[in-house]
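In: Below are the sequence and a predicted model; questions follow.
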Amino acid sequence: MSKLRVAVLGAKGRIGSEAVRAVEAADDMELVAALGRGDKLETLAESGVQVVVELTTPASVMGNLDFCIRHGIHAVVGTTGWSDERLAQLNTWLSGSPGTGVLIAPNFSIGAVLTMKFAEQAARYFESVEVVELHHPNKADAPSGTATRTAQLIAEARRKAGCAPQPDATVTALDGARGADVDGVPVHAIRLRGLLAHQEVLLGGEGETLTIRHDSLHHSSFMPGILLGTRRVVTTPGLTFGLEHFLDLN
Ligand SMILES: NC(=O)C1=CN([C@@H]2O[C@H](COP(=O)(O)OP(=O)(O)OC[C@H]3O[C@@H](n4cnc5c(N)ncnc54)[C@H](O)[C@@H]3O)[C@@H](O)[C@H]2O)C=CC1
Ligand SMILES: O=C(O)C1=N[C@H](C(=O)O)C[C@H](O)C1
């Protein structure tokens, strides 16, 4: 059987360099390009690549995906910074390239995907819910893509269940003291040397609390998800948002 031809964009970055090693080690994949900032995207077309793993920056990702989709190259995207406008733009591009698949995964680690799922399930049973994400201090964006997605899933679950707004009697607060408001869910971002990527979802009801916590202790935690996404995206045209769609979670 022929090997899947894979390229990594952001190949010298923290997660990109780990992804290069993971693709090289996968028996069913061949690494045909590993590009960093400033490298020419035309190299991709010449390499005969089938799937690009995009792990760069929010400023670079749209240009890279525009190129991939125009050339019918599937993409597995871990880069953060997704807005409704950006997703709509991607859908427009994809409609002009039927057969091309793009997976955007706010988080590739199975534990983080499960944290989001469990938080979504628990959200309607508790009066209060807040998200705390904790990352290494070199992270460029806050709150994390994972925390933003978690809060959106929680908010959607609470809306569907007809939950009342969360109790919060705060009248005066220093800017930022109550975190960022993501769809009505407070999200707090901590940056601390020694950490990698961690998240807690705190839920509170009458006389009880529930804490769902996940810790990524090494970038290797993201690799099984990246490899799974790479194998599945070639047979999944259009836009898929979230690795959970490639996992049998129901
Ligand atoms: N979805 C997930 O599971 C994960 C997502 N991430 C996300 O991945 C992104 C990268 O994270 P890190 O590796 O920690 O950052 P990093 O800063 O270590 O790496 C980014 C790399 O991309 C390069 N780059 C920038 N523009 C480029 C372009 N146009 N073409 C090729 N390379 C380009 C940079 O020079 C840098 O080497 C961030 O958005 C981060 O939040 C990180 C870890 C897990
Ligand atoms: O920048 C990181 O490191 C990570 N970014 C992603 C995010 O913003 O959610 C995934 C993970 O948290 C690691």
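Out: Okay, I see it. Ligands and ions are numbered 1, 2, ... in the order given.
In: start to end distance for stretch 226-243?
Out: Using C-alpha to C-alpha, to the nearest Å, the end-to-end distance of stretch 226-243 comes to 9 Å.
In: the bottom helix or strand of the chain by mean pLDDT?
Out: In the chain, no helix or strand scores lower on mean pLDDT, DSSP states H and E than helix 42-47, which sits at a mean of 93.
In: how many neighbours does residue 102 have?
Out: 27 (other C-beta atoms under 10 Å). Every residue, glycine included, has its C-beta placed from N, CA and C.
In: ok, now which ones touch it?
Out: Residues near residue 102 by C-beta atoms under 8 Å, 6 or more residues apart in numbering: 65, 68-69, 74-77, 90, 94, 233, 238-240.
In: Can you name the residues in contact with the least confident helix or strand of the chain?
Out: 5, 7, 32-33, 35, 52, 67-68, 71, 73.
In: which bits of this protein sit near ligand 2?
Out: 80, 106-107, 135, 139, 144-146, 197 (C-beta under 6 Å from any ligand atom).
In: Of the residues you listed, which is the most crowded?
Out: residue 107 leads these on contacts (other C-beta under 10 Å) with 28 neighbours.
In: Let me see the ranges of the helices in the chain.
Out: Counting by DSSP state H, residue ranges of the helices within the chain are 14-25, 42-47, 58-70, 84-95, 110-122, 145-161, 223-233.
In: Minimum distance to residue 214: which of those has it?
Out: Closest to residue 214 of the helices of the chain is helix 110-122 (C-beta to C-beta; 4.2 Å).
In: Report whether the closest one contacts ligand 1.
Out: No - Helix 110-122 lies out of reach of ligand 1 by C-beta under 6 Å from any ligand atom, never closer than 7.1 Å.
In: Show me which residues of that helix are buried.
Out: Neighbour counts using 16 or more other C-beta atoms under 10 Å place 110, 112-113, 115-120, 122 of helix 110-122 among the buried residues.
In: Ligand 1: which of those residues is nearest?
Out: Distance to ligand 1 across the buried residues of helix 110-122 (C-beta to the nearest ligand atom) is lowest for residue 112, with 7.1 Å.
In: That closest one and residue 214 touch, don't they?
Out: Yes - counting by C-beta atoms under 8 Å, residue 112 touches residue 214, with 5.2 Å between them.
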